[in-house]
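pasting the sequence and the predicted coordinates here, then a few questions.
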Amino acid sequence: MEKRKIIMDCDPGVDDAIALAYAAAHPEAFELLAVTSVTGNQTIDKVTRNALDLVSLYRLSIPVARGAETPLLRDPQPASDYHGANGLGNVEIPRSQEDVVEESAVFFMKKLISELPEGEKITLICTAPLTNVALLLKVFPEVKEKIQEILLMGGAVAGGNVTASAEFNIYEDPESARIVFRSGIPVVMCGLDATEKCALTASQVEKMCQSNNRIARFCGNMAGYSLANGNKYRGNVSIHDAVPFMYLTHPELFVAKKAVLDVECSDCASRGRTICDFRWWQHEESEENVVLMDADGARFQEYLIEAIYELGEKLQ
């Protein structure tokens with residue numbers, strides 16, 4: 001397994017928090033260089049606070065940079081109904097004594113990427129609206145040559161979760177998604193087609209909530225909030241944002257197809273819909289990307305739960 005240098009661009013967020021726990025449990029696979037925040041699941045103040053506190057909780061000695069307060073063109077629309085008033089399912093964790101770095105996220109990302117040794121590249125894992133990354137690529141296009149890949153949780157081949165046709169992260173800032181899709185950097189789109197199958201059941205969540213393992217209990221309590229406030233009729237809760245990390249450690253769990261990606265950016269009923277053109281051979285000099293089409297949900301559960309418990313034991 002190739003060990004990746006990672007910047008996680010996120011909006012913690014229940015599933016962002018669980019995804020970061022998975023990453024923290026696998027230092028052999030991920031060299032986390034930084035966490036950057038962006039408005040999405042909650043306001044920029046709340047998600048940045050959560051990022052600081054999560055990094056401290058998981059004992060990750062990495063910097064946190066505060067990112068974009070609003071999408072490129074619209075006002076933000078936080079998902080507080082799903083993630084709670086504090087963004088972490090109203091679960092309280094110890095407050096970190098650390099503060100964000102001086103630079104804003106875009107400038108800090110540029111600095112980290114520019115300082116990479118010759119021949120090394122970085123992977124961006126994005127589990128939030130793509131505002132920070134779009135600004136980075138527009139303001140500092142020279143960083144593209146040092147970005148190995150962008151793995152993002154967002155989009156769907158068909159359907160949506162915030163509207164009938166749009167997934168939340170893309171819907172929040174479709175203009176930024178279009179910039180990323182057209183950047184020429186390889187993109188892996190981990191959309192709802194796969195992530196909705198990567199879910200924890202109500203019984204698994206309940207068992208975690210009752211555990212003596214501190215990290216398992218924390219993740220269970222957060223997932224329990226989301227289960228009760230948006231998924232109670234499904235009987236499970238998708239941990240969408242863990243999928244990009246899981247794809248890197250266990251690609252065999254997923255079915256992937258090449259596609260040329262675009263986004264509906266007009267003010268119509270399908271605003272934010274991802275357009276996945278699988279006729280990649282018809283596009284001259286096409287920007288071929290990868291779309292996850294399916295996932296082995298049972299093995300996802302196994303690997304995620306195992307990682308959460310292992311992290312909790314490690315941090316005792």
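Perfect, thanks for sending it. Residues are numbered from 1 along each chain as shown.

who does the strand or helix carrying M189 pair up with?
Assigned by DSSP states H and E, M189 belongs to strand 187-190. Using DSSP bridges, strand 187-190 pairs in its sheet with strand 147-153 (parallel), strand 288-295 (parallel).

deepest-packed of the ones you listed, please.
strand 147-153 (a mean of 23; mean count of other CB atoms under 10 Å). (Glycine included, C-beta is placed from N, CA and C.)

residues in contact with the very next helix or strand once past that one?
Sequence-wise, the next helix or strand downstream of strand 147-153 (DSSP H and E) is helix 168-172. By CB atoms under 8 Å, 6 or more residues apart in numbering, the residues outside helix 168-172 that reach it are 40, 71, 74, 76-77, 79, 126-130, 152-155, 160-163, 177, 263, 271-274.

with stretch 238-250 instead?
Contacts of stretch 238-250 (CB under 8 Å, 6+ apart): 1, 4, 10, 13, 15-16, 18-19, 22-23, 26, 29-30, 123, 125-127, 151-153, 188, 190, 192, 194-200, 223, 231, 253-254, 292, 295, 299-300, 303-304.

show the average pLDDT along that stretch.
Per-region confidence: stretch 238-250 scores 98 on mean pLDDT.

between the two ends of it, what distance do you get?
End-to-end distance of stretch 238-250 (CA to CA, to the nearest Å): 18 Å.

packing partners for the top strand by length along the chain?
The residue-count maximum for a strand in the chain (DSSP state E) belongs to strand 254-263. The contact analysis (3 or more CB pairs under 8 Å, 6 or more residues apart in numbering; DSSP states H and E) places strand 254-263 against helix 174-181, strand 187-190, strand 274-277, strand 288-295.

stretch 184-204: which residues count as buried?
Under the neighbour-count criterion of 16 or more other CB atoms under 10 Å, stretch 184-204 has 185, 187-200, 202, 204 buried.

among those residues, which ones are in strands?
With DSSP E as the criterion, strands contain 187-190, 199-200 from among those.

closest to A259 out of those?
M189 (7.8 Å; CB to CB).

tell me the bridge partners for that closest one.
When assigned by DSSP bridges, M189 has beta-bridge partners L152, V291.

ok, now which ones touch it?
Per CB under 8 Å, 6+ apart, neighbours of M189: 152, 154-155, 259, 261, 274, 276, 289-292.

which residues does stretch 88-97 contact?
12-14, 17, 50, 52-57, 83-84, 86, 218, 221-226.

10 Å instead?
Stretch 88-97 is contacted by residues 12-14, 16-17, 41-42, 46-47, 49-57, 64, 80, 82-84, 86, 214, 217-229 when judged by CB atoms under 10 Å, 6 or more residues apart in numbering.

filter the residues you listed to the buried ones?
Buried members of these, scored by 16+ other CB under 10 Å, are 12-14, 16-17, 41-42, 46-47, 49-57, 64, 80, 82-84, 86, 217-227, 229.

let's see which of these end up in strands.
V64.

on that earlier part again, quick one: strands adjacent to the longest strand of the chain?
In its sheet, and by DSSP bridges, strand 254-263 pairs with strand 274-277 (antiparallel), strand 288-295 (antiparallel).

going by neighbour count, list what's buried in the first one.
Translated: strand 274-277. 274, 276.

in this protein, spot the helix with the most residues.
Secondary structure of the chain read by DSSP state H shows that its longest helix is helix 297-314.

okay, angle between the longest strand of the chain and helix 174-181 too, please.
If you take axes from the mean of the first three to the mean of the last three CA atoms, to 10 degrees, strand 254-263 sits at 120 degrees to helix 174-181.

how far away from the center of its chain is strand 254-263?
For strand 254-263, the separation from the chain centroid amounts to 17 Å (computed by CA atoms, centre = their mean, to the nearest Å).

then stretch 64-80?
14 Å.

helix, strand or coil for A34?
Of the three states, A34 takes strand under DSSP: H, G, I helix; E, B strand; the rest coil.

quick one: it and F107 touch, right?
No: here A34 lies out of contact with F107, judged by CB atoms under 10 Å, at a distance of 11.9 Å.

what touches both of the two?
Shared contacts of A34 and F107 (CB under 10 Å, 6+ apart): 65, 101.

ok, these two, which is more surrounded?
A34 (22 against 16; other CB atoms under 10 Å).

for that one, which residues make a bridge with it?
Beta-bridge partners for A34, by DSSP bridges, are I7.

relative to A298, how far out is it?
Counting by CB to CB, to the nearest Å, the gap from A34 to A298 is 33 Å.

repeat that for L192.
According to CB to CB, L192 stands 18 Å off from A298.

could you do G312 as well?
For G312 relative to A298 (CB to CB), the value is 22 Å.

got it, and I113?
According to CB to CB, I113 and A298 sit 37 Å apart.

neighbour count winner among those two?
Counted by other CB under 10 Å, I113 and A298 do not tie: I113 has more neighbours, with 23 against 10.

isn't the more buried one right up against L124?
Yes: taking CB under 10 Å as the definition, I113 is a contact partner of L124 at 9.2 Å.
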